[in-house]
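sequence plus predicted model, see below.
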Amino acid sequence: MVGERPEPVILKQGTKSDRSLGSLSHILGPFVGFLAPLIIYIVKNDEASQNDPLLSSHLKEALNASITFLIASFIHGILTIVLIGCLTLLVHWILYIIWAFNANSALQAGQEYRYPFTFRFLD
């Protein structure tokens, strides 16, 4: 007993398909709107919060970013009255795409990611 080595502990991590749903949640947000991240969050968050906290964090972050973009789109719509809303919407949408790909890269690398200028509705 004294000379025996303890059994290694294997931490349960998310499967590749789970991380694929997290990637879909990030990437579909700028193109489909908040519905795709919302559906993926509703379907997978309970399982992810138990088995893969990193995936759960990314699902929340993708949903927060898509809801924030939806709210910002209304503001961009109001700004079209003064003819600057089209430009601000285009710039915001391009930045949202870049941030979504950065978030996807962080998820694949196993790191946390926070979208810039995003309200945290879910935390």
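Right, received. Where do you want to start?

and the residue nearest the centre of the chain?
residue 62 (2.3 Å; Cα atoms, centre = their mean).

host element of that one?
Assigned by DSSP states H and E, residue 62 belongs to helix 53-79.

kindly report the same for residue 45.
Going by DSSP H and E, residue 45 is part of helix 35-51.

so, low pLDDT: which residues of the protein?
Flagging of the chain using pLDDT under 70 yields the residue ranges 1-3, 5-18.

let's go with 80 and repeat that
For the chain, the stretches with pLDDT under 80 are 1-18.

just to revisit the earlier point, residues contacting the residue nearest to the centre of the chain?
Contact analysis of residue 62 by Cβ atoms under 8 Å, 6 or more residues apart in numbering lists 22, 25, 26, 29, 37, 40, 41, 100, 103. Backbone N, C-alpha and C define where each C-beta goes, glycine included.

of the residues you listed, which pair is most distant in space?
Farthest apart among the contacts of residue 62 by Cβ to Cβ are 41 and 100. That separation is 15.0 Å.

so residue 118 sits right up against residue 60, yeah?
No: the pair residue 118 / residue 60 is not scored as a contact, 10.7 Å apart, by Cβ atoms under 8 Å.
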